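Peer 1: quick one: sequence plus predicted model below, questions after.
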Amino acid sequence: MDKKNSRYTAVYVLNRVFRDNAYSNLLLKDIKDSENIKFCTALVYGTLNYALQLDFIIEKYTSKKLDIEIRNILRTALYQIIYMKTPSNAVVNESVKLAKAFKKTSAGGFINAILRKFLREYSNEEYFKDIKEHIKYSVPKWLYDLLLEQYGKEDTVAFLENALLPPPANDGEYSQDFSSYLACEALNVKNGMTVLDMCAAPGGKTFTISKMLNCTGKIYAVDLHPHRVQLIEETAKKLGLENITALCGDSAVIDNLSLADRILCDVPCSGLGVIRRKPDIKLKPLPNLKDIQYSILENASRFLKNGGELVYSTCTLNKEENKIIVEKFLENHNDFQLVVIDFKSTEIKLSTMEKPMVTILPKYFNSDGFFIAKFRKNQKND
């Protein structure tokens with residue numbers, strides 16, 4: 001890119017996200033030449049987080065079908081005015097310049113007019129007084145309705161308010177949220193055990209389990225993509241974790257694994273629990289991953305020793321991917337039973353955490369939304 005202005009960079013990233021389905025976090029990671037990467041990152045994530053609400057505002061003032069560049073210039077302008085409290089004159093002037101930078105010079109007057117109309121009417125809280133709940137929290141109606149049906153009004157509002165906050169920083173040698181750590185703790189590993197991590201990349205849980213084993217025993221970390229397997233290997237070496245072997249394979253069908261004392265199935269999911277970190281998720285349709293989730297769980301269970309324990313986890317709050325998958329598995333496998341998880345790392349004891357199926361809402365620990373269930377394998381009943 002030949003323009004180094006941070007606003008330009010933010011709009012460029014948003015254009016790629018909305019036009020090409022690119023991932024904002026990967027695009028931002030590759031950008032080295034923005035004048036102010038911190039401002040740019042905040043503008044990108046903030047605009048993505050509030051995109052549906054910002055579109056609602058834009059559509060109050062125009063019914064035109066807008067080019068993606070123009071829409072994103074308007075989105076970023078509105079976000080700066082409302083949520084970053086940037087002086088409005090500066091925002092309007094820079095937005096008109098952006099139209100020229102993206103070769104949309106003729107749209108400069110249109111952008112100026114829309115923003116001036118908004119500024120004449122905008123008066124903080126009153127402006128949003130009568131908007132619908134899903135617009136208020138900037139989520140699609142299907143997501144608002146799904147959460148409302150599954151969790152009720154109080155938990156839905158608490159979750160959506162939390163999702164609009166900046167995500168907490170993850171400290172340490174590798175990135176891991178507290179909820180993700182709890183999924184590892186649920187395994188209750190002991191020195192010398194053999195552990196399978198069925199969907200291991202990028203490796204945070206694998207490394208945590210390795211340390212919980214005090215670098216004894218063996219961890220087999222499986223992932224579908226060779227470059228992600230290589231990343232696990234390189235990071236394990238850098239961290240000096242010598243009990244990890246990374247394997248490339250499809251966890252739904254792989255058939256050449258060692259029997260294990262513990263297995264972690266942190267399966268691919270819709271990611272509704274992490275929309276605070278990845279706001280792109282709520283702008284896309286809900287993916288149907290139930291078949292692959294169940295296939296991974298069922299295939300993994302074949303490698304568990306009698307008396308061994310398996311943890312099934314997701315970073316979604318959608319019960320179709322959580323409770324329903326667990327119940328289906330139990331119906332088809334009478335040699336498995338659910339067991340209550342003993343979480344030692346938190347002194348906060350919540351009634352939901354005493355159940356065999358644990359749903360962690362962000363309001364509990366200011367963490368990601370997560371689901372954890374733990375199975376034990378018994379001798380088969382004939």
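Peer 2: Received it, and whenever you're ready, just let me know what you need.
Peer 1: output the longest strand belonging to the protein.
Peer 2: strand 304-314 (DSSP state E).
Peer 1: reduced to three states, what does Ile372 come out as?
Peer 2: strand (DSSP: H, G, I helix; E, B strand; the rest coil).
Peer 1: thought it was touching Ile360?
Peer 2: Yes - Ile372 lies in contact with Ile360 (C-beta atoms under 8 Å); the separation is 7.2 Å. (Glycine included, C-beta is placed from N, CA and C.)
Peer 1: where do the contact lists of the two overlap?
Peer 2: Common neighbours of Ile372 and Ile360 are listed as Leu182 (criterion: C-beta atoms under 8 Å, 6 or more residues apart in numbering).
Peer 1: picking that back up, direction included, what does the longest strand of the chain pair up with?
Peer 2: On the basis of DSSP bridges, the sheet neighbours of strand 304-314 come out as strand 260-266 (parallel), strand 370-377 (antiparallel).
Peer 1: did I read that right, Tyr8 in a strand?
Peer 2: No - counting by three-state DSSP, one finds Tyr8 to be helix, located in no strand.
Peer 1: what's around it, how many residues?
Peer 2: Tyr8 is surrounded by 22 other residues when neighbours are defined as other C-beta atoms under 10 Å.
Peer 1: if we can go back for a sec, and the helix or strand following the longest strand of the chain with strand 370-377, angle?
Peer 2: Per DSSP states H and E, the first helix or strand lying C-terminal to strand 304-314 is helix 323-332. In terms of direction (axes from the mean of the first three to the mean of the last three C-alpha atoms, to 10 degrees), helix 323-332 departs from strand 370-377 by 10 degrees.
Peer 1: can you show me the strands along this structure?
Peer 2: 194-197, 218-223, 244-248, 260-266, 304-314, 336-338, 357-360, 370-377.
Peer 1: got the CA positions of the fourth one in CSV?
Peer 2: Going back to what we said before, that points to strand 260-266. Listed next in CSV are the C-alpha coordinates belonging to strand 260-266 (Å, rounded to 0.1, in the frame of the first residue of the first chain):
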residue,chain,number,x,y,z
ALA,A,260,-4.4,-42.4,25.7
ASP,A,261,-5.1,-41.8,29.4
ARG,A,262,-6.6,-38.4,28.6
ILE,A,263,-8.0,-36.9,25.4
LEU,A,264,-8.9,-33.2,24.7
CYS,A,265,-11.5,-32.6,21.9
ASP,A,266,-11.6,-28.8,21.6
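Peer 1: what residues are up against Asn188?
Peer 2: Asn188 is in contact with Arg262, Glu309, Asp342, counting by C-beta under 8 Å, 6+ apart.
Peer 1: same thing but 10 Å
Peer 2: The contact partners of Asn188, taken as C-beta atoms under 10 Å, 6 or more residues apart in numbering, are Met212, Arg262, Glu309, Val311, Val339, Ile341, Asp342, Phe343, Lys344, Lys374.
Peer 1: repeat that for Thr314.
Peer 2: Under the criterion of C-beta under 10 Å, 6+ apart, the neighbours of Thr314 are 183, 265-273, 289, 293, 321-322, 325, 369-373.
Peer 1: at 7 Å instead, please
Peer 2: Contact criterion C-beta atoms under 7 Å, 6 or more residues apart in numbering gives Val267, Cys269, Glu321, Asn322, Phe371 as the residues in contact with Thr314.
Peer 1: likewise Phe303?
Peer 2: When the contact criterion is C-beta under 7 Å, 6+ apart, the partners of Phe303 are Leu196, Leu257, Leu259, Ala260, Ile263.
Peer 1: pLDDT score for it?
Peer 2: Confidence per residue is given as pLDDT, and for Phe303 that number is 98.
Peer 1: Ala22 now?
Peer 2: At Ala22, the model reports a pLDDT of 87.
Peer 1: what's the answer for Lys237, then?
Peer 2: The predicted local confidence for Lys237 is 95.
Peer 1: likewise Asn5?
Peer 2: 85.
Peer 1: and for Asn378?
Peer 2: Confidence per residue is given as pLDDT, and for Asn378 that number is 90.
Peer 1: likewise for Asn381?
Peer 2: 53.
Peer 1: which of the contacts of Thr314 lies closest to Leu330?
Peer 2: Distance ranking of these against Leu330, using C-beta to C-beta, places Asn322 first at 13.1 Å.
Peer 1: any idea how the chain splits into domains?
Peer 2: With automatic domain parsing serving as the domain definition, the record reports that the chain contains domains spanning 6-129, 134-163, 178-377.
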